[in-house]
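Asker: test case, fold it:
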Amino acid sequence: MMKTLSFANKNNVIVVGSLRCLIADFADDFVANCHNTLLICLGNVGLGRGNISLQNMELEYLERICQSNDNIVCFLRGNFDNPLYFNTVSRLEYFKGLSDYLKNVCFVEDYDVIATSKGNILCIGGGTDPRTPDGYVFLDPTSAVVDGAPHDQAWFKGQEIEKITLEPSIEKVEKEDGTIEEVDHNMFNNWAKMSKITMVMSSLPPERVQTTCLEGIENVNAYIERTFLSMMVQHLKELGCQIKTWYWCTDNYVLKDAEDDGVVFEGITNYTSKEIA
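Answerer: As a prediction, this is how the structure comes out:
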């Protein structure tokens, strides 16, 4: 959380919608056709769903394709993804060997910033499936471990975005010349200012963006997530960040494009992509 992944040496930047477990197909259909490119997937990859051993083989295949074409793939976390993949410690503990061979495939934690040739991108994953009241359980909840990875009823409880504190933590400090300076000790505020963010990518759309949920009903958790993201839009502006575009995964929502107070909100549909100019 709150670290910079620098891939500014990649000439091209492509944002990709939900993969829904089609990792090997993604390698063939998208990555193999790119060169010296950064591809950012907006969550709902399907990480941890189904046969984990088979999925690790697909990730290894994706890694080989990336290396052969000098590409980088970054995965954001969505409601189809096991949160354990997006924590360095838990990934090493539960998915042994995965980090050993994945060099060009990256798992982006919430509030990480990706530095690119097109600008600096704040990444916010998370997302709670709007089709069920309690989140989404992929595998048999009576079984504690499958392929070395825990996936009981607590599986989805880590899906929600960690609601960081946005309120400033101001301390008045007297300088050597006797003047008083206000210092904000809020880590995120300082991080956002320092990072000079120009874009945001998330799994869910902010609540201020009018959308239609495919199932017709959005659960409380998803609404809370989207409300928080709307607060983030305004907060980043108040911090002086020049946000131009916010990309999100349309997955369970329908929206073409929208603009709100100078920020373009663009939804990327399942298994499609867009090159960032």
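Asker: tell me where the stretch 101-250 of the chain has strands.
Answerer: Assigned by DSSP state E, counting those that start in this stretch, the strands in the stretch 101-250 of the chain fall at 105-107, 113-116, 119-124, 145-146, 149-150, 170-174, 180-184, 197-202, 212-213, 245-249.
Asker: give me whichever of those strands is most buried.
Answerer: Sort those by mean neighbour count, taking mean count of other Cβ atoms under 10 Å, and strand 245-249 sits at the top with a mean of 25. C-beta: built from backbone N, CA, C; applies to glycine.
Asker: who touches it?
Answerer: 15, 17-18, 42-44, 78, 127, 198-206, 209, 233, 263-268, 270, 274, 276 (Cβ atoms under 8 Å, 6 or more residues apart in numbering).
Asker: 7 Å - rerun?
Answerer: Contacts with strand 245-249, where a contact means Cβ atoms under 7 Å, 6 or more residues apart in numbering, come from 15, 17-18, 42-44, 78, 199-206, 263-268.
Asker: pull that strand out as PDB, backbone CA atoms only.
Answerer: Output of strand 245-249 as PDB, limited to C-alpha atoms (Å, rounded to 0.1, in the frame of the first residue of the first chain):
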ATOM      1  CA  THR A 245      -9.400  10.500 -16.300                       C
ATOM      2  CA  TRP A 246     -10.900   7.800 -14.100                       C
ATOM      3  CA  TYR A 247     -11.000   4.300 -15.600                       C
ATOM      4  CA  TRP A 248     -13.200   1.600 -14.100                       C
ATOM      5  CA  CYS A 249     -14.400  -1.900 -14.900                       C
END
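Asker: quick check: angle from that strand to strand 197-202?
Answerer: Strand 245-249 runs at 10 degrees relative to strand 197-202, counting by axes from the mean of the first three to the mean of the last three Cα atoms, to 10 degrees.
Asker: quick one: low-confidence parts of the stretch 101-250 of the chain?
Answerer: 126-162, 208-223 (pLDDT under 70).
Asker: quick revisit: from the contacts of strand 245-249, which would you call buried?
Answerer: The neighbour-count test (16 or more other Cβ atoms under 10 Å) marks 15, 17-18, 42-44, 78, 199-206, 263, 265-268 as buried among the contacts of strand 245-249.
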